[in-house]
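> need a structure here:
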Amino acid sequence: MKKLVLMLGLPFLFLACNDDEGGPNLPPQMELNDQFNSDKKGWTAGFSDYPVKMESDWKLEEGIANLPAPLDTQKKGFRISGNNHSDDLFMYFKKKMTGLKPNQEYSAAFTLEFASDAPSEGWSGVGGAPNAVSVGIGAVGIEPKTTVDNLEHYRMNIDKIQQKNDGKDMKVIGDIGNGTDKPGYKLLTKTGEFKGKTDASGNLWLIFGTDSGFEATTTLYYTSVKVKLTEATTK
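Numbers count the residues shown, from 1 in each chain. Down below sits the predicted model:
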């Protein structure tokens, strides 16, 4: 009889443990802290706003690489680079977050750390100055993708930033100026928040990147990205 009581009690204990570990009551917050010192941490790099089959001419490159001098060359970052012939090159990173509440709005607080060699003042350039490259963040319920338009150009399927202008799915949080009047790589930190809504399965895509008005090569090294997701409260 004692064995029977214990066996009957086990399923309820199992359900209670499941509920304590999350179950249907998903946490109101989620945080990530990705350091690009060895791998991409699940982030995917991409490019848009350039003609189809022109990747080599635009010199589009991405991957984990050692930081350039005068920074610590023993450390690594997620390098992304492109030659902006179109005066509108978009270079971005995306990552899928799962396990969130379905159809729920979240506030995504980003902290980006990256290295840039673009001087903040005193320099002119083709189309714009070297720092005429805006940094943007976003959070959307669909996967951001590069698609082909009817003019055979690559475009995004979301409403991203457009140089200094916000889009519906992204916002500008600064530019890539290194804070000096001279070229040379410096580590910069940019922060900002953006609200996005999950899909019906509780997925949310995070995206950050740059949109360029500088018609030459921009090469950046992202060392880390931190994002804190918090359920947005309704008033």
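> Could you check how far the strand ranked longest in the chain is from the centre of its chain?
When the chain is parsed with DSSP state E, its longest strand is strand 217-231. Mean C-alpha position of strand 217-231 versus that of the full chain (Cα atoms, centre = their mean, to the nearest Å) differs by 6 Å.
> Show me which residues of that strand are buried.
218-229, 231 (16 or more other Cβ atoms under 10 Å). C-beta coordinates here come from the backbone N, C-alpha and C atoms, glycine included.
> which helices and strands does that strand pack with?
strand 29-35, strand 76-83, strand 90-97, strand 105-116, strand 204-212 (3 or more Cβ pairs under 8 Å, 6 or more residues apart in numbering; DSSP states H and E).
> Confirm Ala45 sits in a helix?
No: counting by DSSP: H, G, I helix; E, B strand; the rest coil, Ala45 is not part of a helix but strand.
> who's in contact with it?
Glu62, Gly63, Phe78, Ile80, Met91, Tyr92, Phe93 (Cβ atoms under 8 Å, 6 or more residues apart in numbering).
> Tell me the spatial nearest neighbour of the first one, not counting adjacent residues.
The shortest distance from Glu62 to any residue other than its chain neighbours is 3.8 Å, reached at Ala45 (Cβ to Cβ, 6 or more residues apart in numbering).
> Now do the one you found against Lys228, distance only.
From Ala45 across to Lys228, the span is 22 Å (Cβ to Cβ, to the nearest Å).
> What of Leu188?
As judged by Cβ to Cβ, Leu188 and Lys228 stand 20 Å apart.
> Look at the residue nearest to Gly167 when sequence neighbours are not counted and say how many residues are nearby.
Among residues not flanking Gly167 along the chain, Asp159 sits closest, at 3.9 Å (Cβ to Cβ, 6+ apart). By other Cβ atoms under 10 Å, 13 other residues sit near Asp159.
> do Asp57 as well
Neighbours of Asp57 under the rule other Cβ under 10 Å: 11.
> if you skip the residues just before and after it, what's nearest to Glu31?
Closest residue in space to Glu31, ignoring its immediate chain neighbours: Lys228 at 4.8 Å, by Cβ to Cβ, 6+ apart.
> And the pLDDT for the spatially closest residue to Asn37 that is not a sequence neighbour?
Distances taken as Cβ to Cβ, 6+ apart place Lys76 nearest to Asn37, at 5.0 Å, with adjacent residues excluded. Note for Lys76: predicted pLDDT of 98.
> before we move on, back to that, okay, the residue nearest to Gly167: pLDDT?
pLDDT, Asp159: 98.
> Pull the contacting residues for it.
Residues in contact with Asp159 (Cβ under 8 Å, 6+ apart) are Gly167, Lys168, Asp169, Met170.
> I'd like the secondary structure assignment at it, please.
coil.
> and stretch 173-185, how far apart are its ends?
This stretch, stretch 173-185, spans 20 Å end to end (Cα to Cα, to the nearest Å).
> Pull out the buried residues from that stretch.
Ile173, Gly174, Asp175, Ile176, Gly177, Asn178, Tyr185.
> for stretch 80-100, same thing?
So, applying 16+ other Cβ under 10 Å, buried residues of stretch 80-100: 80-86, 88-95, 97, 100.
> Distance check, Tyr92 against Gly202.
Counting by Cβ to Cβ, the gap from Tyr92 to Gly202 is 23 Å.
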